[in-house]
Structures are given as C-alpha cells and as structure tokens.
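S.K.: Using only what follows, build the 3D model:
(chains A and B)
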Amino acid sequence: MLTLTLGGTVRDAATGVGVSGLFVKAYDEDLVYDDLLGTATTDEDGRFEIDCAGPDFQEFLEAGPEVYLKVYGADRETLLHESDDSVGVDTGGPDGEFDVRVPHESLREHAPDREVRLVGKGGRPREDYDVGESLAVEFDGLPPAASAEIAVDVDGERQFTSRVRADADGHVPATTVWPQMGLESDEGEPLTVEESRDQWAGREVEITVGVDDETPFERSFQFPDRFERPQVLSVDEAGRLANGFEVGTADAVVQGVNAPFEGEAQVYMVERQVDWRPGDRIDPVTLADGSSAVTEIEVEDGAFTATVAAADLLDPGAYDFVVRNVRYGYEDDEDPRLREDDLVTRAVTGLVVREEFQASKPILGGCTNKQPISGRKLHTSPYFRYGDTFQVGEDVWAALDPDGIDPNLHGKMAAFYVVENKDGSEWSSDPSLTHISDLGGSSGVTVAKTQSQCINANAFELWPNASRTGEFDIVADFGNDATDAASFSSDGTYDMPTDVIDGYVAPGFRVIEDPTTETSYSHAGTYEYDSGSVDVEDASGNEVTVAKKAVVYFPADAAGKTDPSQVSSGQSSYPVVVVAHGNSGYTNSYRGYDYLLEHLARNGFIAASYHMNPGMKGQDRAELAFEHLDELQADFGSTMENNVGVLGHSRGGEAAAIVPRLNHQRGHGWNVEATVSLAPTDTYTTETIRSPWETPYLVVYGSLDGDVAGGYNSPMETGFALYDRATDEEKSMVFVYGASHGRFNTVWGDVDLDAGMGFTIGPGEKAKAISMDAHKKVLTGYGTAFFRRHLRGESQFRGAFSGEWIPAAVEAADGGDVDLYVQYQDPAGEVVDDFEETHTPTSWQNSAIGGTVDHAGTLPDDPTEDELYDVDDRSPHVTSGLLLEWDDASDELQFTVPSGHRDVTGYDAVSFRVTQKVGSPANPAGEQDLYVALEDGSGTVRQTKVSAFDAIPEPYERYYDRFTKSAMNTVRVPLDAFVIKVPGPDAVDLTDVREVSFEFEREPTGEIEIDSVEFTD
Amino acid sequence: MFTDLIDYPIETDRIDYEVAHKLRDLDDTPHLLTRVKLTGTEFPHRALEPYVRVGDVESRFVDISDDGTVARAYFDQPLPEGGTIEFGYGAEPPRVRLRHGIRLKDLTPLDPDRLPDDTRFVDRFFDDDEPIVG
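M.R.: The predicted model follows:
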C-alpha cells in the first residue's frame, strides 16, 4: 500500500523561528469533500510529520494528493493559519516538505517571545550587579542572523555600543558587553575595589538593545553602595585591578571581597578556562621553581589579599584563581574538583601574564599581530577552544586574546571583519577589509570594546551556522583608536602593526565539507555474501582455508537496498575500498568497521570488509584481498571501477602495505590507488610501499596502543617503521595521542586496553584513552578524506594530510581534547638534508643537497647523525636523522643551500620532522620551540617561530617507560612568513635562499632529533 | 587472561598505604574516621562493593578514584597495630594482601581542640590517658 509522509516546520513569519505546541492538520483538496490526511503537533523546533496511507487520498484518477495545511493553537480548536494554496505532492518522488510561515500577530499567545536578559554567573538571570562584576546579555526570539546593537549608558552618558549577531534560532548566547564594570575611573585609570565601590555607588546603568527598526528593549540598574556578592580579582600591590602584565614585572596578587566564609582558605592558580562549572578539575599550575601554585590564606570579614606567586616564578600564560574554604581535618576539601561554594574568577580571565612583547611575535622583531581568534564553544571544560576548521553549518566563535597586542590597545574599540583569505602578497598589495556578504557585508561587522587585558569577555559568536565552504581571515580593526563607541570608526583597512589578524600567512579558519560527516548519497545499501571457501598461502608456504565472506556497503538512493543491482544511478560506476581486519579471537571482526563502510558508501564508494580466520598472518590477509575484489567485480560488474583503495587494521594494516606489491608482482591488474594502514604490525620488517608498486600511503596509529605497543624491539615494529620505509609517493602518518589499538573496531573495543593490563597498559591508563566515538571520527574523517582525495580526485582534502588542518569533527571530538600530530612527505619536495649518507663522526657536516651543515661552535657538542633507533632507544623510526642538543639562546644549526637550489619560489613551505628526545632533562615540560630562519644572498635574515605554525609536542608519556616514544612530527612553516611586509625585518628573497637555520633562542635548553629538512608544497 | 592460574590473595609489597585521621560528614554530622589510602595498582570499579580489612576490622566504606588508581578506606573502629591490610570486593575473599602489617605510628592525629563541636568520636579514638591512635 502506498504511504506518504508529509513533514515540515511551522515558523513565526517575522523571525523565522519554529513554533512548538501547534496542532497541524493536513488535507487533500478534492472536488467535493476534502480528505483529512492526518494530524500532528509541532515539536520544540516547530517540526511536524504526518504519515498518511494511499486510501486516504487515492481516489478515482488521482495519483497523489493536493495538500493544504491548517494550523491550530494548542487547544486544537483555534484556527491560527491556513495555507493559501494546496500543493501537489508527487507520490513518486520525495515526500512532501512544508515551510509554513504564520504571521506573527496570528500566533497570538503562541508567538515566540523576544526576550532580552541580563545574566550573570552560569547564565542565570540578574537584575543588578556589583561594581567589578561583568555585564552580560542574552537574547531569544530574534530573527535568524539578525544584528542587534547594544548601547550602555551610565547616568545618561553613552559609554559604548556593541553589535552582536543571532544564530539560526534567533538566539544570542550570553555575551559579556562590559567586563569588570567600574574598576576603572572615568579617565580609564585602574581603581581599588573600595575606590570603585565609592565612585560608582548609586550610578545608574542603562542598557538599550535595538534590533532592526523595532522598538528597543531597555534594562537598567543602579550600582549598590556595598558588595552584594563575592568577588575575586587580580590586583597590584596597591590593590588596583591588574590582571595583565608582562612576565617578570609583577607578582600574582589576588584579592577577595564579600567572601561567604571566614577563616582558613586556599587559593589555587589554575589554567584559564572560559567558563567554570562545579565538577571541573582544579589543577594548580606548576611555577618556575617546580612548586605548585597554591597559597593558604586567612579570610577576615569576607576579605583577603594574598600573593600567589612572585614575579620571577610566573611563566607567560593565562590563569584563573579558585578560592576554597578549607575546613580543618576534612578530606573533602582536598578534592581537586570545583565545588558550588568555591570562589572563582569567572567571565573574565583572572590573570594574563604576557610574554615579552617582541618574543610573542611569530616573526622575531616583526610586528605582525597574527594570533588565533577563531574557535568553538564546548559543552564541557574548558568551554572554549581555538580551532581553525569548521564544518558547514557549524557556529564559528571568536575570542580575541589581547595577549600579544600592543598594551596601548587594551580597552579600545575594535571592528571584527571576516574576509576572504588572502595570501601574504595579496595582503601586502591590498589591505582593504571587505566583510563577507554572508554576514551582512560591512554593515554587519561586530563592533566591541576589547577587554582590558583579558580574553574571556571577548568571546562572541562570529558566524552562526557557517553556510559556505572557503578559507577566511579575521581582522580586528582598531580604526581610529577610540575607547568609546560614539567616537569609534573603523577605517576598513588592515593596518600593521596595530590591527590583529588571524590569517595572512595561513588561512585564519576554514569552513569545509567535513569528510567525517558529509555525505553525498542519501542512503547506503548493504548485503553480505558467503561464497564458500578459498585457499590462500602465507609467506611460509602454509595453505590456509578461509570462508569467503564479507559485508558490503554501496551508494543507494533509498533505504532498504540489499542487492548490488540497486546501486545508485547517480554515477555510472564507483571506486571500491576493501578493508582487512587484524587478528582477534572474535570471528566477526570484519563487522567492526560497518560505521566506516556505510559512510564510505554514502560518499560514493563500494566498500567491503572481509572475514579472516583467527591466527592468519599479514601475507595471507593480503592474498585474500584479491579474492574479494574479484567477488565484488562479479557482483557489481561495470558499476565497480578498477580504482581500488585498501585499508587494513593491525595485521591487516601490514597486509594493506603488502597488497600493492602482490598486485604488481603477480599481475593481478588492479589499480590500487590508495593504501591505509591502521595500527599496523610490522612483523616482516621489510614490507614497504615503493616503486614500482608505489601508492599514496596513510598510516594511523595511537599513542596508547596496548597491542602493537613497540618498546620491546629495536627498531620498534610499529606503523612508524612502515611509514618511514615507504617512498616514491606521497605519504602521511597521523599519530593520535590517547588512541588505543582496538577502539577503531566496534567488535574489539577495549581488548588491548584490558588484555594489556600489567604488560603494556599501566594502572589508570585506560581512563586516559580517547573515547570510542573519537576513534571512529579519526578513522572516518581521515579515511574518507584520503579515499576521496586519491580515488575521486578531490584535492580539497590535501591540507588534512600535510598537517595544515584537522577535520572539524575530529578537532571537536571529546570536547576538543584529541591531540594528533601529522607527518607528511611529498616526493616532489626539495630535500635539504635527510641524513641518509654513510654515517661517520663528521658526516653530519655535509647535507644531501650538497651544502654544508655547521653550528659555528655554538652547540655544546657536535650533532650525531645516525639511525635514530641507535642513538635513542625510544625512537620508533626506521630512518637516519640528527640528534642535537643546545644549552644557550645563541645556539644555532645552519644548512647552506648551494647554487642551483636557491630559488624556492615554487614551494609553499620549509618543513622538517622533529621530536623531543624522550627523557632528556634538557627539554622543557610541555612543547619545545625554536626559530626557523632563512637567509638570502643579500644577507637578509628572517626568523619565524615554529610554535606559531605547528608543534614540537611533549612525547606521550606511557605508564611503562619503554612504550614512550620519541615520535617525530612534521613542522611546516609557510614561506609566506618570510616575505610578508612587517615593520622590522625585511622580506627574504625567495629566489636566492642561501641558508636554512634552526635558532634556539625560544627555550634555554633542548635535545631534539630532526630529519627530512626540505622545501615542499 | 591467565587469571585462572593466580592464587588469591596476591601477597605484595608493591602496594603503598597511608593512614590518617580524617573528618567526613555522615548524616550531616562530622565523624572522625581513620582513613587508609592504598595506591600502587589499579582498583577496578566493579558492581560489587569494595572493602579493606585491617586485621579483623573491616572498613565502613571504600571510595575508589575515577581512574581506579587510589582506594580510600574509612574505618569507624580502632585498627589493630600490625594488622594485615587486605583489599577485596563484596563477599569474595580478598584479592590482594599487603606483605607488611599496618604501622599506626605513621598516623598523625588531629588536634581535638580544632575539631567541630559536633564531631562524633568513635569510641576509643580518644582515650583520656592515651594519645589518639587505633
């Protein structure tokens, strides 16, 4: 029997916001009597769905209904709206979808309220505020993407205006418009809290919110003459607000007023986070002398002042303060989680300790204000995280961290432009700012006062529901340098060094089709086959009989397709991906990748995962791939292309690396165009992807792998070895901190984390693993992007494999807590040095490019060039490299570039692989850093900070030391960074680069291993 | 894996303990309890309730940290000097036993004058003539 589903949304025509609780009736218009097709009630988003059966509308000669809708109130009797015309619904095509716009006045009491709220801590509504608290507003019921202007007056005098933008639901989340009110005089001078209270007591604050041309909303309150609520502030020695200063210039002093407890308390200085909620962890930072930033205080009459850290113990960073009443003898008070009654610097960062101004710049001596601005709000701690890649439809947030801008700009008005990305030369020749039309053009620019010395209050929703793919830069234009809205005007130009940019040498942020989530086919068909058995031979010559069965997914146009003949007609043929699982006691291991197969099918692939017996080796697993490719070819015929991708996991991962070789050597005739090894073994230690069977290659491996953990052999037999040996084609490796072995396979789950307990996995380590959801996103995101790139020719995903960006869903997984590091090599790059020559004590002095390597006597010892696993038993690599150590800021290592190689304009970046040496006391806690410098023939030198573009991360520490790895990451520094126009160092002539050098003045000491120094795309 | 070959309780000196008096609010009233904190292995979260025994004295309750690396046992009775420390679950025999008995000399008592007025003292924690030990 024919069925039909009529769906749609009922909206307020004025705002476009969906209206809940309305009763919808659908009718089929007929000649005499109209048929009631069905009814439904709108949900919280205004959506409804009505299922109807053929007899309801199929009458003589009528194939499909002519539908019109009636919308009633919640009483189901009061008619609010009737659609003007009936709409023919084609029963042969997609079911009907309706967008019902009800005039605002017709909705009566059902109309969504337009609401403006003053809010405080935790987003709770407020009626008034104390001096020192931050004024925040929140909106509901606005037209989607509407711009709202907020004006704040004090005693009738305009202080400033801000502009915010609603999201797709007409909501503006809590946005701070006036941080730490009243802690400055009218002249902008900082005050003590007592002075502030006295100066502002009784003064009236009026907030006016205008939306389009409608009557503005107004709220007002008066500052009381005493503190009503507790506050915690960072102050100077005189008690004046001082929550930002340059490192080494001041102590961290905290002051509290109106605390709700007396007696003993502790103050914890912790890493800043945008929001604090009960249950969040409190981890005191470690000061420069190794002590923990915890201070005991005595609270008297609700007040306290304490020095938490002396100036010489403070490292650059952003911090919050947590104050806890401590009761003698109570263990609960040691709980490192925020409690409801703890005091904390909320809404506004407690303290920002800034780097020395010049040292904070990406370019040494240059005043380009390039810093991250784009990011996303998180539902869990730390509630905001900078990010560069967003999915279409995701909300892009912005937060300007004043750390790094001219201190004279703190408290100044800025206009935030989102512009189409320009590269360095484009910015140099055209610094004009054109706000994208998606955000209303230049009239839609968000204007706000930058928080004086703090970041949290600067977070706002920059681009709700980002609707268009592309690369964009963000510029905070300080215009005419005004402190109040009335006199501020933007000059519409990116002006160095004043204005701040997220972008220039690399896009500020991207909006992408996220390969993790995007699909182009509405459905995936699936079936299983079991075609008897097949005999394959392993490397020792043993014959193995295995059932020839697999699960297959394919692109489909409707649900329920189970036959290859039902493959979508959207294309005439599709590339194919086969998946080889690894060894396990489970006999259904091959079903552990269904999530990936379905996603690949909905991205236009035929995807199959085939069964293998427990105990089979890598070679036999590879042999089986061809059996199944033949089977799939027979099933799909001409709709399956000879365009093959192979993905293998564990022993299957090694098998995947064997498939191209067998395909070539045995003349199977398949075009294997993409190979992925997931947490592979390296049992044979000789398999490799290379000419003449080279294919693009991707390795994915987790730092918490409890099965293929490495650490017992040298060289270690892990995915690093397979990656290093691969050559003659583009290759990438994604090393995922916290990823295990088994969680990529939904059947295996925690097998390695549990079985490895006491052997490879230590107490508490399982809890550190990233979630299974995160594992799936990593594999889905990178796997799909890899196959789309190499089997479908979609070049837009290249940046994911060169380490330029991370798929948005992966970046946001586990609350933004997934760290991963990418190695990348393009064989078309110009290798400066790869340290593969015959090793002698002085061989390091000659580079692969034919130049010289020298440290001019600056390093404490000559570097060592050798197989990395011979100089470092924690190296998982099978490659030669250079081990070096420095102990002074003047230390450096220089690579000369001989003539014939000096024109690097054809490349995009200078790159190298690098790792901190595990266990070396020379390395800092956390990331290492250094400058990369280029010198041209005229002697012009420019140094660029690695940490501005990439990371030299701290090795992932395993419970059992032997599994902690000195794992290299590829650092790419865009060559644009060496040519952009900055006040200060001149641009380097990229047609005549004479020297590449590493300069170690970022950290006082360090011990690293490097490899693959090259110019690359 | 191979757990069928293990004889329980596992005797070990790889597990560390700390003993201290601590206040805990029970029924909204501060109670003075003896806390024995165990570290050095993983204490899995299980459906069965964990317990710690010191000699013949069993804990009133045991808290295991989120990551399973710390077990805190709270006793509302005095502990026997030199008593064997054991850890287990439910009605099962103990899984692990510390090789060396508890030394209560390691316990630093709290100052009774600083405790809340409504503190419930477990019998014999405070003896008129003896210091505060088990």
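
S.K.: avg pLDDT for the helix or strand hosting A:Ser106?
M.R.: A:Ser106 belongs to helix A:104-107 when assigned by DSSP states H and E. With pLDDT averaged residue by residue, helix A:104-107 scores 84.

S.K.: which secondary structure elements does that helix contact?
M.R.: Under the contact definition 3 or more C-beta pairs under 8 Å, 6 or more residues apart in numbering or on different chains; DSSP states H and E, helix A:104-107 sits against strand A:79-82. (Glycine included, C-beta is placed from N, CA and C.)

S.K.: What residues sit buried inside the helix or strand that contains A:Ala476?
M.R.: For A:Ala476, the element it lies in under DSSP H and E is strand A:470-477. By 16 or more other C-beta atoms under 10 Å in any protein chain shown, the buried positions in strand A:470-477 come out as A:Glu471, A:Phe472, A:Asp473, A:Ile474, A:Val475, A:Ala476, A:Asp477.

S.K.: Can you list the neighbours in contact with that strand?
M.R.: Outside strand A:470-477, the residues that touch it by C-beta atoms under 8 Å, 6 or more residues apart in numbering or on different chains are A:373-374, A:398, A:400, A:414-422, A:433, A:436, A:450, A:462, A:490-495, A:499-504, A:507-511.

S.K.: Quick check: mean pLDDT of that strand?
M.R.: On average, strand A:470-477 scores 94.

S.K.: Filter the contacts of strand A:470-477 down to just the buried residues.
M.R.: By neighbour count, with 16+ other C-beta under 10 Å, the contacts of strand A:470-477 hold A:373-374, A:398, A:400, A:414-419, A:421-422, A:433, A:436, A:450, A:462, A:490-492, A:494, A:499-504, A:507-511 as buried.

S.K.: give me the number of residues near the nearest residue to A:Thr9 once chain neighbours are set aside?
M.R.: Excluding the flanking residues, the one nearest A:Thr9 by C-beta to C-beta, 6 or more residues apart in numbering or on different chains is A:Gly46, at 4.7 Å. If you count neighbours by other C-beta atoms under 10 Å in any protein chain shown, A:Gly46 ends up with 23.

S.K.: my guess is A:Gly46 meets A:Ala13, correct?
M.R.: No: A:Gly46 is beyond contact range of A:Ala13, at 11.9 Å (criterion: C-beta atoms under 8 Å).

S.K.: you'd agree A:Thr307 is up against A:Val267?
M.R.: No: taking contacts as C-beta under 8 Å, A:Thr307 lies outside contact range of A:Val267: 9.6 Å.

S.K.: Next, the buried residues of stretch A:299-318.
M.R.: Of all the residues in stretch A:299-318, those buried under the rule 16+ other C-beta under 10 Å are A:Val299, A:Phe304, A:Ala306, A:Val308, A:Ala309, A:Leu313, A:Leu314, A:Asp315, A:Gly317, A:Ala318.

S.K.: how much space between the second one and chain B?
M.R.: By that I understand A:Phe304. Separation of A:Phe304 from chain B (C-beta to the nearest C-beta, to the nearest Å): 20 Å.

S.K.: what does chain B have sitting close to chain A?
M.R.: Contact residues, chain B versus chain A (C-beta under 8 Å from any C-beta of the partner chain): B:1, B:21-25, B:30, B:32, B:35, B:40-42, B:66-69, B:72, B:110-111, B:114-116.

S.K.: Just the residues you listed: which are in strands?
M.R.: Mapping those onto strands (DSSP state E) picks out B:His21, B:Lys22, B:Leu23, B:Arg24, B:Asp25, B:Pro30, B:Leu32, B:Arg35, B:Arg72.

S.K.: which residues touch the last one?
M.R.: Read it as B:Arg72. Taking C-beta under 8 Å, 6+ apart as the criterion, B:Arg72 is in contact with A:Glu331, B:Arg35, B:Val36, B:Lys37, B:Leu38, B:Val62, B:Asp63, B:Ile64, B:Ser65.

S.K.: Kindly report the same for the fourth one.
M.R.: B:Arg24 sits next to A:Tyr330, A:Glu331, A:Asp332, B:Pro30, B:His31, B:Leu33, B:Tyr74 when contact means C-beta under 8 Å, 6+ apart.

S.K.: ranking those by neighbours, who comes first?
M.R.: Greatest neighbour count in the contacts of B:Arg24, by other C-beta under 10 Å, goes to B:Leu33: 24 neighbours.

S.K.: Okay, and the beta partners of the residue nearest to that one when sequence neighbours are not counted?
M.R.: Spatially, and ignoring its direct neighbours in sequence, B:Leu33 is nearest to B:Tyr74 (4.5 Å; C-beta to C-beta, 6+ apart). B:Tyr74 forms beta bridges with B:Arg35, B:Phe61, as assigned by DSSP bridges.

S.K.: need the contact list for B:Tyr74.
M.R.: B:Lys22, B:Arg24, B:Leu33, B:Thr34, B:Arg35, B:Ser59, B:Arg60, B:Phe61, B:Val62, B:Asp63.

S.K.: Perfect, I'm done here.
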